[in-house]
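Novice: this one's structure only:
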(Lines give C-alpha, C1' and ligand atoms only; values in the text may rest on other atoms or scores of the structure.)
Protein backbone atom coordinates (compact mmCIF):
# COMPACT_ATOMS: atom_id res chain seq x y z
CA UNK A 1 0.00 0.00 0.00
CA UNK A 2 1.44 3.40 -1.00
CA UNK A 3 1.30 6.32 1.42
CA UNK A 4 1.22 9.85 0.02
CA UNK A 5 3.83 12.41 1.06
CA UNK A 6 1.17 14.56 2.77
CA UNK A 7 -0.19 11.63 4.75
CA UNK A 8 3.30 10.52 5.73
CA UNK A 9 4.18 14.03 6.87
CA UNK A 10 0.99 14.24 8.90
CA UNK A 11 1.75 10.90 10.52
CA UNK A 12 5.25 12.02 11.44
CA UNK A 13 3.88 15.20 12.97
CA UNK A 14 1.45 13.22 15.13
CA UNK A 15 4.24 10.89 16.24
CA UNK A 16 6.45 13.90 17.12
CA UNK A 17 3.69 15.42 19.26
CA UNK A 18 3.06 12.12 21.03
CA UNK A 19 6.78 11.71 21.63
CA UNK A 20 6.85 15.06 23.42
CA UNK A 21 3.95 14.21 25.73
CA UNK A 22 4.44 10.56 26.66
CA UNK A 23 6.95 8.64 28.73
CA UNK A 24 9.52 6.32 27.17
CA UNK A 25 7.45 3.33 28.22
CA UNK A 26 4.31 4.78 26.65
CA UNK A 27 5.95 5.72 23.37
CA UNK A 28 7.21 2.18 22.87
CA UNK A 29 4.20 0.27 21.56
CA UNK A 30 5.81 -2.53 19.60
CA UNK A 31 5.47 -2.35 15.84
CA UNK A 32 4.97 0.43 13.31
CA UNK A 33 2.66 1.25 10.44
CA UNK A 34 4.94 -0.84 8.24
CA UNK A 35 5.44 -3.99 10.29
CA UNK A 36 3.67 -6.26 12.76
CA UNK A 37 5.60 -6.98 15.98
CA UNK A 38 7.87 -10.01 15.95
CA UNK A 39 6.71 -13.05 17.94
CA UNK A 40 9.30 -15.34 19.55
CA UNK A 41 9.15 -19.06 20.32
CA UNK A 42 12.04 -20.18 22.51
CA UNK A 43 12.49 -23.95 22.83
CA UNK A 44 14.82 -25.42 25.45
CA UNK A 45 15.80 -29.07 25.32
CA UNK A 46 17.07 -29.33 28.88
CA UNK A 47 20.35 -31.27 28.93
CA UNK A 48 20.52 -31.43 25.12
CA UNK A 49 23.99 -31.18 23.62
CA UNK A 50 25.21 -32.22 20.19
CA UNK A 51 25.28 -35.95 21.14
CA UNK A 52 21.63 -35.82 22.21
CA UNK A 53 20.66 -34.12 18.96
CA UNK A 54 22.65 -36.80 17.13
CA UNK A 55 20.48 -39.56 18.59
CA UNK A 56 17.54 -38.23 16.58
CA UNK A 57 19.52 -39.15 13.44
CA UNK A 58 20.50 -42.64 14.57
CA UNK A 59 17.34 -43.76 16.36
CA UNK A 60 14.49 -41.90 14.63
CA UNK A 61 12.30 -43.27 11.86
CA UNK A 62 12.66 -40.25 9.55
CA UNK A 63 14.91 -37.27 8.91
CA UNK A 64 14.84 -35.17 12.10
CA UNK A 65 13.32 -31.71 12.05
CA UNK A 66 16.69 -30.39 13.18
CA UNK A 67 17.71 -30.74 9.52
CA UNK A 68 15.34 -27.91 8.62
CA UNK A 69 17.64 -25.30 10.19
CA UNK A 70 20.26 -23.35 8.24
CA UNK A 71 21.23 -20.88 10.99
CA UNK A 72 23.21 -22.67 13.71
CA UNK A 73 25.57 -21.44 16.43
CA UNK A 74 26.96 -22.49 19.82
CA UNK A 75 26.88 -20.98 23.28
CA UNK A 76 29.07 -21.34 26.35
CA UNK A 77 27.21 -22.29 29.49
CA UNK A 78 29.28 -21.39 32.57
CA UNK A 79 27.70 -19.69 35.60
CA UNK A 80 29.39 -16.89 37.56
CA UNK A 81 30.51 -19.23 40.35
CA UNK A 82 30.90 -22.60 38.62
CA UNK A 83 32.23 -23.56 35.22
CA UNK A 84 29.60 -26.32 35.06
CA UNK A 85 26.20 -24.64 35.29
CA UNK A 86 22.80 -25.84 36.42
CA UNK A 87 19.42 -25.23 34.81
CA UNK A 88 18.56 -22.30 37.08
CA UNK A 89 21.63 -20.23 36.23
CA UNK A 90 21.44 -21.31 32.60
CA UNK A 91 17.80 -20.34 32.13
CA UNK A 92 18.26 -17.09 34.06
CA UNK A 93 21.05 -16.14 31.65
CA UNK A 94 18.60 -16.73 28.79
CA UNK A 95 15.76 -14.82 30.45
CA UNK A 96 17.61 -11.78 31.83
CA UNK A 97 20.70 -11.39 29.66
CA UNK A 98 22.95 -11.72 32.71
CA UNK A 99 25.00 -14.63 33.95
CA UNK A 100 24.37 -15.54 37.57
CA UNK A 101 25.23 -18.12 40.23
CA UNK A 102 24.08 -21.73 40.35
CA UNK A 103 20.56 -22.22 41.72
CA UNK A 104 19.58 -18.58 41.13
CA UNK A 105 16.14 -17.90 39.64
CA UNK A 106 15.65 -14.52 37.95
CA UNK A 107 18.22 -12.73 40.09
CA UNK A 108 21.70 -11.32 39.42
CA UNK A 109 24.97 -12.68 40.79
CA UNK A 110 24.39 -10.52 43.90
CA UNK A 111 20.79 -11.76 44.33
CA UNK A 112 18.99 -8.68 43.00
CA UNK A 113 15.79 -9.34 40.98
CA UNK A 114 16.19 -8.78 37.24
CA UNK A 115 13.41 -8.17 34.73
CA UNK A 116 13.01 -11.18 32.45
CA UNK A 117 12.32 -11.14 28.73
CA UNK A 118 8.82 -12.50 29.43
CA UNK A 119 8.10 -9.66 31.88
CA UNK A 120 9.61 -7.05 29.57
CA UNK A 121 7.61 -8.14 26.55
CA UNK A 122 4.42 -8.51 28.58
CA UNK A 123 4.86 -4.87 29.55
CA UNK A 124 5.13 -4.08 25.84
CA UNK A 125 1.78 -5.70 25.06
CA UNK A 126 2.92 -9.22 24.23
CA UNK A 127 1.02 -12.37 25.10
CA UNK A 128 3.12 -14.82 27.12
CA UNK A 129 3.32 -18.59 27.38
CA UNK A 130 5.24 -21.30 29.23
CA UNK A 131 5.12 -25.05 28.61
CA UNK A 132 7.14 -27.61 30.55
CA UNK A 133 7.14 -31.32 31.35
CA UNK A 134 8.32 -30.66 34.89
CA UNK A 135 6.47 -28.74 37.56
CA UNK A 136 5.74 -25.27 36.23
CA UNK A 137 7.77 -24.04 39.24
CA UNK A 138 10.89 -25.95 38.16
CA UNK A 139 14.14 -24.14 37.43
CA UNK A 140 13.75 -23.56 33.69
CA UNK A 141 10.17 -22.24 33.48
CA UNK A 142 10.50 -20.41 36.81
CA UNK A 143 13.46 -18.42 35.52
CA UNK A 144 11.15 -16.59 33.12
CA UNK A 145 8.73 -15.20 35.73
CA UNK A 146 10.11 -15.65 39.28
CA UNK A 147 12.83 -13.97 41.35
CA UNK A 148 14.18 -16.08 44.22
CA UNK A 149 17.62 -16.88 45.57
CA UNK A 150 17.28 -20.66 45.32
CA UNK A 151 15.54 -22.92 42.82
CA UNK A 152 13.99 -25.11 45.52
CA UNK A 153 11.74 -22.29 46.82
CA UNK A 154 8.80 -23.83 44.98
CA UNK A 155 6.04 -22.38 47.16
CA UNK A 156 7.34 -18.84 46.70
CA UNK A 157 7.86 -19.44 42.98
CA UNK A 158 4.26 -20.65 42.61
CA UNK A 159 3.03 -17.52 44.41
CA UNK A 160 4.99 -15.36 41.98
CA UNK A 161 3.45 -17.19 39.04
CA UNK A 162 0.05 -15.92 40.16
CA UNK A 163 1.31 -12.35 40.02
CA UNK A 164 3.10 -12.86 36.68
CA UNK A 165 -0.26 -13.39 34.90
CA UNK A 166 1.22 -15.54 32.13
CA UNK A 167 -1.46 -15.90 29.47
CA UNK A 168 -0.97 -19.62 28.79
CA UNK A 169 0.98 -22.10 30.87
CA UNK A 170 1.04 -25.87 31.11
CA UNK A 171 3.03 -28.26 33.26
CA UNK A 172 2.93 -30.14 36.54
CA UNK A 173 3.20 -29.08 40.17
CA UNK A 174 -0.31 -29.22 41.65
CA UNK A 175 1.12 -29.78 45.14
CA UNK A 176 2.63 -26.29 45.16
CA UNK A 177 -0.75 -24.71 44.45
CA UNK A 178 -3.26 -26.42 46.71
CA UNK A 179 -1.29 -28.37 49.34
CA UNK A 180 0.60 -25.50 50.89
CA UNK A 181 1.68 -24.87 54.46
CA UNK A 182 0.50 -21.26 54.30
CA UNK A 183 -3.11 -22.28 53.68
CA UNK A 184 -3.39 -20.43 50.37
CA UNK A 185 -5.18 -22.10 47.47
CA UNK A 186 -3.46 -20.72 44.40
CA UNK A 187 -5.95 -22.42 42.09
CA UNK A 188 -8.70 -20.24 43.52
CA UNK A 189 -6.44 -17.23 43.10
CA UNK A 190 -5.88 -18.13 39.46
CA UNK A 191 -9.62 -18.29 38.88
CA UNK A 192 -9.97 -14.88 40.52
CA UNK A 193 -7.52 -13.55 37.94
CA UNK A 194 -9.73 -14.69 35.05
CA UNK A 195 -7.99 -17.99 34.32
CA UNK A 196 -9.58 -20.97 32.67
CA UNK A 197 -8.01 -23.68 34.86
CA UNK A 198 -7.74 -27.41 34.28
CA UNK A 199 -5.88 -29.79 36.59
CA UNK A 200 -6.80 -32.98 34.72
CA UNK A 201 -6.36 -32.52 30.97
CA UNK A 202 -5.47 -30.15 28.15
CA UNK A 203 -9.04 -28.94 27.73
CA UNK A 204 -9.98 -26.44 25.04
CA UNK A 205 -8.65 -22.94 25.61
CA UNK A 206 -10.99 -20.05 26.35
CA UNK A 207 -10.23 -17.03 24.18
CA UNK A 208 -11.42 -14.38 26.63
CA UNK A 209 -9.47 -15.82 29.58
CA UNK A 210 -5.93 -16.72 30.47
CA UNK A 211 -5.42 -20.47 30.39
CA UNK A 212 -3.64 -22.63 32.98
CA UNK A 213 -3.08 -26.40 32.89
CA UNK A 214 -1.46 -27.94 35.98
CA UNK A 215 -1.80 -31.61 35.23
CA UNK A 216 0.18 -33.59 37.81
CA UNK A 217 1.13 -33.34 41.48
CA UNK A 218 4.77 -33.37 40.42
CA UNK A 219 6.04 -33.59 36.83
CA UNK A 220 4.23 -34.87 33.75
CA UNK A 221 5.23 -38.53 33.11
CA UNK A 222 8.20 -39.27 30.85
CA UNK A 223 7.75 -40.97 27.48
CA UNK A 224 8.94 -44.33 28.84
CA UNK A 225 6.38 -43.96 31.65
CA UNK A 226 3.50 -43.53 29.21
CA UNK A 227 3.30 -39.84 28.27
CA UNK A 228 1.49 -39.46 24.97
CA UNK A 229 1.68 -36.28 22.86
CA UNK A 230 1.39 -33.73 25.66
CA UNK A 231 4.32 -31.55 24.54
CA UNK A 232 3.24 -31.14 20.93
CA UNK A 233 -0.47 -30.87 21.81
CA UNK A 234 0.13 -28.17 24.44
CA UNK A 235 2.28 -26.27 21.96
CA UNK A 236 -0.39 -26.43 19.25
CA UNK A 237 -3.03 -25.26 21.75
CA UNK A 238 -0.91 -22.32 22.82
CA UNK A 239 -0.18 -21.24 19.24
CA UNK A 240 -3.87 -21.47 18.33
CA UNK A 241 -4.77 -19.45 21.42
CA UNK A 242 -2.27 -16.71 20.60
CA UNK A 243 -3.50 -16.57 17.01
CA UNK A 244 -7.08 -16.12 18.20
CA UNK A 245 -6.01 -13.18 20.33
CA UNK A 246 -4.20 -11.64 17.37
CA UNK A 247 -1.36 -10.10 19.38
CA UNK A 248 2.41 -10.80 19.30
CA UNK A 249 3.63 -13.37 21.79
CA UNK A 250 6.65 -14.79 23.58
CA UNK A 251 6.51 -18.49 24.46
CA UNK A 252 9.05 -20.81 26.06
CA UNK A 253 8.66 -24.57 25.51
CA UNK A 254 10.85 -26.94 27.54
CA UNK A 255 11.65 -30.56 26.71
CA UNK A 256 12.63 -31.25 30.32
CA UNK A 257 13.40 -34.95 30.49
CA UNK A 258 16.28 -35.13 28.03
CA UNK A 259 18.19 -33.95 31.09
CA UNK A 260 16.61 -36.53 33.35
CA UNK A 261 17.56 -39.33 30.97
CA UNK A 262 21.16 -38.14 31.22
CA UNK A 263 21.09 -38.02 35.03
CA UNK A 264 19.66 -41.55 35.10
CA UNK A 265 22.16 -42.71 32.44
CA UNK A 266 19.10 -44.15 30.73
CA UNK A 267 19.64 -44.16 26.97
CA UNK A 268 16.06 -45.24 26.18
CA UNK A 269 14.61 -42.37 28.19
CA UNK A 270 16.98 -39.81 26.72
CA UNK A 271 16.42 -40.94 23.12
CA UNK A 272 12.61 -41.03 23.46
CA UNK A 273 12.60 -37.52 24.93
CA UNK A 274 14.81 -36.17 22.12
CA UNK A 275 12.50 -37.71 19.52
CA UNK A 276 9.44 -36.21 21.23
CA UNK A 277 11.15 -32.82 21.35
CA UNK A 278 11.96 -33.14 17.64
CA UNK A 279 8.32 -33.96 16.91
CA UNK A 280 7.22 -30.80 18.73
CA UNK A 281 9.93 -28.93 16.89
CA UNK A 282 8.30 -29.97 13.61
CA UNK A 283 5.00 -28.42 14.75
CA UNK A 284 6.72 -25.14 15.57
CA UNK A 285 8.77 -25.06 12.37
CA UNK A 286 5.57 -25.49 10.35
CA UNK A 287 4.08 -22.56 12.26
CA UNK A 288 7.11 -20.34 11.64
CA UNK A 289 7.12 -21.15 7.94
CA UNK A 290 3.45 -20.13 7.74
CA UNK A 291 3.93 -17.08 9.97
CA UNK A 292 7.10 -15.37 8.72
CA UNK A 293 6.99 -12.63 11.35
CA UNK A 294 8.04 -15.19 13.95
CA UNK A 295 11.47 -16.10 15.31
CA UNK A 296 12.19 -19.60 16.61
CA UNK A 297 15.27 -20.18 18.78
CA UNK A 298 16.13 -23.71 19.93
CA UNK A 299 18.89 -24.55 22.39
CA UNK A 300 19.67 -26.13 25.77
CA UNK A 301 20.85 -24.83 29.12
CA UNK A 302 23.64 -27.42 29.30
CA UNK A 303 24.48 -30.99 28.30
CA UNK A 304 23.82 -33.83 30.73
CA UNK A 305 25.66 -37.14 30.94
CA UNK A 306 28.81 -36.40 28.95
CA UNK A 307 27.12 -38.44 26.22
CA UNK A 308 28.89 -39.85 23.19
CA UNK A 309 27.66 -41.96 20.28
CA UNK A 310 29.98 -44.87 19.60
CA UNK A 311 30.40 -48.34 18.20
CA UNK A 312 27.85 -51.01 19.04
CA UNK A 313 29.14 -54.41 20.09
CA UNK A 314 27.40 -57.74 20.55
CA UNK A 315 28.72 -61.01 21.91
CA UNK A 316 28.79 -63.98 19.54
CA UNK A 317 26.95 -66.69 21.48
CA UNK A 318 28.83 -69.49 19.75
CA UNK A 319 32.34 -68.15 20.36
CA UNK A 320 31.88 -65.71 23.24
CA UNK A 321 33.75 -63.09 21.26
CA UNK A 322 32.69 -59.46 21.20
CA UNK A 323 32.19 -58.10 17.70
CA UNK A 324 31.19 -54.76 16.25
CA UNK A 325 27.81 -54.49 14.53
CA UNK A 326 28.51 -52.17 11.57
CA UNK A 327 24.97 -50.80 11.16
CA UNK A 328 24.35 -49.94 14.84
CA UNK A 329 25.56 -47.39 17.38
CA UNK A 330 25.42 -47.21 21.18
CA UNK A 331 24.88 -44.31 23.57
CA UNK A 332 27.65 -44.03 26.16
CA UNK A 333 27.49 -41.93 29.33
CA UNK A 334 30.60 -40.37 30.83
CA UNK A 335 28.79 -39.39 34.05
CA UNK A 336 25.36 -38.77 35.52
CA UNK A 337 25.99 -35.02 35.83
CA UNK A 338 26.07 -31.91 33.66
CA UNK A 339 29.06 -31.31 31.40
CA UNK A 340 30.77 -28.20 30.08
CA UNK A 341 30.17 -28.84 26.38
CA UNK A 342 29.37 -26.02 24.01
CA UNK A 343 25.64 -26.13 23.27
CA UNK A 344 24.08 -25.82 19.80
CA UNK A 345 21.68 -22.99 18.99
CA UNK A 346 19.26 -23.41 16.09
CA UNK A 347 17.32 -20.43 14.72
CA UNK A 348 14.62 -20.00 12.10
CA UNK A 349 12.63 -17.01 10.92
CA UNK A 350 13.15 -13.27 11.05
CA UNK A 351 16.36 -12.39 12.86
CA UNK A 352 17.78 -15.92 12.74
CA UNK A 353 21.06 -14.72 11.21
CA UNK A 354 21.93 -13.17 14.58
CA UNK A 355 22.38 -16.59 16.18
CA UNK A 356 25.34 -17.83 14.16
CA UNK A 357 28.77 -18.01 15.76
CA UNK A 358 30.01 -18.87 19.26
CA UNK A 359 28.99 -16.72 22.23
CA UNK A 360 28.03 -16.78 25.90
CA UNK A 361 24.61 -18.11 26.93
CA UNK A 362 23.38 -14.71 28.17
CA UNK A 363 23.87 -13.30 24.66
CA UNK A 364 20.81 -15.24 23.52
CA UNK A 365 18.60 -12.81 25.44
CA UNK A 366 20.23 -9.83 23.72
CA UNK A 367 19.97 -11.47 20.30
CA UNK A 368 16.23 -12.02 20.79
CA UNK A 369 15.70 -8.42 21.89
CA UNK A 370 17.77 -7.17 18.95
CA UNK A 371 15.66 -9.27 16.57
CA UNK A 372 12.52 -7.60 17.94
CA UNK A 373 14.04 -4.14 17.57
CA UNK A 374 15.26 -4.86 14.03
CA UNK A 375 11.77 -5.99 13.04
CA UNK A 376 10.18 -2.68 14.03
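Specialist: That came through fine. All of these numbers come straight from a predicted model, not from anything done at the bench.
Novice: Angles on the backbone of residue 94, please.
Specialist: phi -60, psi -40 (degrees, to the nearest 10).
Novice: list the contacts for it?
Specialist: 42, 44, 117, 143, 299, 301, 361, 362, 364, 365 (Cβ atoms under 8 Å, 6 or more residues apart in numbering). Yep, even glycine has a C-beta here, placed from its N, CA and C like the rest.
Novice: Mind doing that once more with 6 Å?
Specialist: By Cβ atoms under 6 Å, 6 or more residues apart in numbering, the residues touching residue 94 are 364, 365.
Novice: Okay, helices next: where are they in this structure?
Specialist: 5-21, 50-59, 87-96, 117-123, 139-142, 154-164, 175-178, 186-192, 230-245, 257-263, 267-290, 363-375 (DSSP state H).
Novice: Can you mark which positions in the fourth one are buried?
Specialist: Within helix 117-123, the residues that qualify as buried by neighbour count (16 or more other Cβ atoms under 10 Å) are 117, 118, 119, 120, 121, 122.
Novice: Can you name the residues in contact with that helix?
Specialist: 95, 128, 144, 145, 250, 365.
Novice: Tabulate those in JSON lines, adding columns for neighbour count, pLDDT and distance to residue 162.
Specialist: Output for the contacts of helix 117-123, formatted as JSON lines (neighbours: other Cβ atoms under 10 Å; pLDDT from 0 to 100; distance: Cβ to Cβ, whole Å):
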{"residue": "95", "neighbour count": "29", "pLDDT": "98", "distance to residue 162": "18"}
{"residue": "128", "neighbour count": "24", "pLDDT": "98", "distance to residue 162": "14"}
{"residue": "144", "neighbour count": "28", "pLDDT": "99", "distance to residue 162": "15"}
{"residue": "145", "neighbour count": "27", "pLDDT": "98", "distance to residue 162": "10"}
{"residue": "250", "neighbour count": "29", "pLDDT": "98", "distance to residue 162": "19"}
{"residue": "365", "neighbour count": "20", "pLDDT": "98", "distance to residue 162": "24"}
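Novice: want to try CSV for the residues you listed, with distance to residue 372 as columns?
Specialist: Formatted as CSV, the contacts of helix 117-123 follow (distance: Cβ to Cβ, whole Å):
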residue, distance to residue 372
95, 15
128, 14
144, 16
145, 19
250, 9
365, 11
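Novice: Looking at those, which is nearest residue 175?
Specialist: residue 145 (18.7 Å; Cβ to Cβ).
Novice: wait, what's in contact with the closest one?
Specialist: 118, 161, 164.
Novice: Swap in 8 Å and give it another go.
Specialist: Taking Cβ under 8 Å, 6+ apart as the definition, contacts of residue 145 comprise 106, 116, 118, 119, 130, 160, 161, 164, 166.
Novice: quick one on the thing from earlier: could I get the helices of the chain as JSON lines with distance to residue 67?
Specialist: JSON lines is the format used below for the helices of the chain (distance: least, Cβ to Cβ, whole Å):
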{"stretch": "helix 5-21", "distance to residue 67": "44"}
{"stretch": "helix 50-59", "distance to residue 67": "8"}
{"stretch": "helix 87-96", "distance to residue 67": "24"}
{"stretch": "helix 117-123", "distance to residue 67": "28"}
{"stretch": "helix 139-142", "distance to residue 67": "25"}
{"stretch": "helix 154-164", "distance to residue 67": "36"}
{"stretch": "helix 175-178", "distance to residue 67": "39"}
{"stretch": "helix 186-192", "distance to residue 67": "40"}
{"stretch": "helix 230-245", "distance to residue 67": "18"}
{"stretch": "helix 257-263", "distance to residue 67": "18"}
{"stretch": "helix 267-290", "distance to residue 67": "10"}
{"stretch": "helix 363-375", "distance to residue 67": "22"}
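Novice: Point out the one among those helices that comes closest to residue 79.
Specialist: That would be, of these and by Cβ to Cβ, helix 87-96, which comes in at 3.9 Å.
Novice: Show me what residue 171 is bridged to.
Specialist: With DSSP bridges as the criterion, residue 171 is bridged to residue 214.
Novice: what about it, distance to residue 83?
Specialist: Residue 171 sits 30 Å away from residue 83, going by Cβ to Cβ, to the nearest Å.
Novice: what about these two, which has more around it?
Specialist: The neighbour count for residue 171 versus residue 83, taken as other Cβ atoms under 10 Å, is higher for residue 171 (26 against 9).
Novice: closest to residue 69 out of the helices of the chain?
Specialist: So among the helices of the chain, helix 267-290 is nearest, using Cβ to Cβ, at 8.3 Å.
Novice: and the closest one, which residues are buried?
Specialist: Within helix 267-290, judged by 16+ other Cβ under 10 Å, the buried ones are 267, 269-281, 283-285, 287-288.
Novice: Kindly report the same for stretch 200-215.
Specialist: Neighbour count says stretch 200-215 has 202, 205, 210, 211, 212, 213, 214, 215 buried, by 16+ other Cβ under 10 Å.
Novice: Look at the last one and report its pLDDT.
Specialist: At residue 215 the predicted local confidence, pLDDT, stands at 98.
Novice: show me what contacts it?
Specialist: So residue 215 contacts 170, 171, 172, 174, 198, 199, 200, 201, 202, 230 (Cβ under 8 Å, 6+ apart).
Novice: Turn these into TSV, columns for pLDDT and distance to residue 316.
Specialist: Converted to TSV, the contacts of residue 215 look like this (pLDDT from 0 to 100; distance: Cβ to Cβ, whole Å):
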residue	pLDDT	distance to residue 316
170	98	49
171	98	48
172	98	46
174	98	52
198	98	54
199	98	54
200	97	52
201	97	50
202	98	49
230	98	42
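Novice: which one of those residues sits closest to residue 223?
Specialist: Nearest to residue 223 among those, with distances taken as Cβ to Cβ, is residue 230, at 9.7 Å.
Novice: I figured that closest one hits residue 133, correct?
Specialist: Yes: if you go by Cβ atoms under 8 Å, residue 230 and residue 133 touch, sitting 7.4 Å apart.
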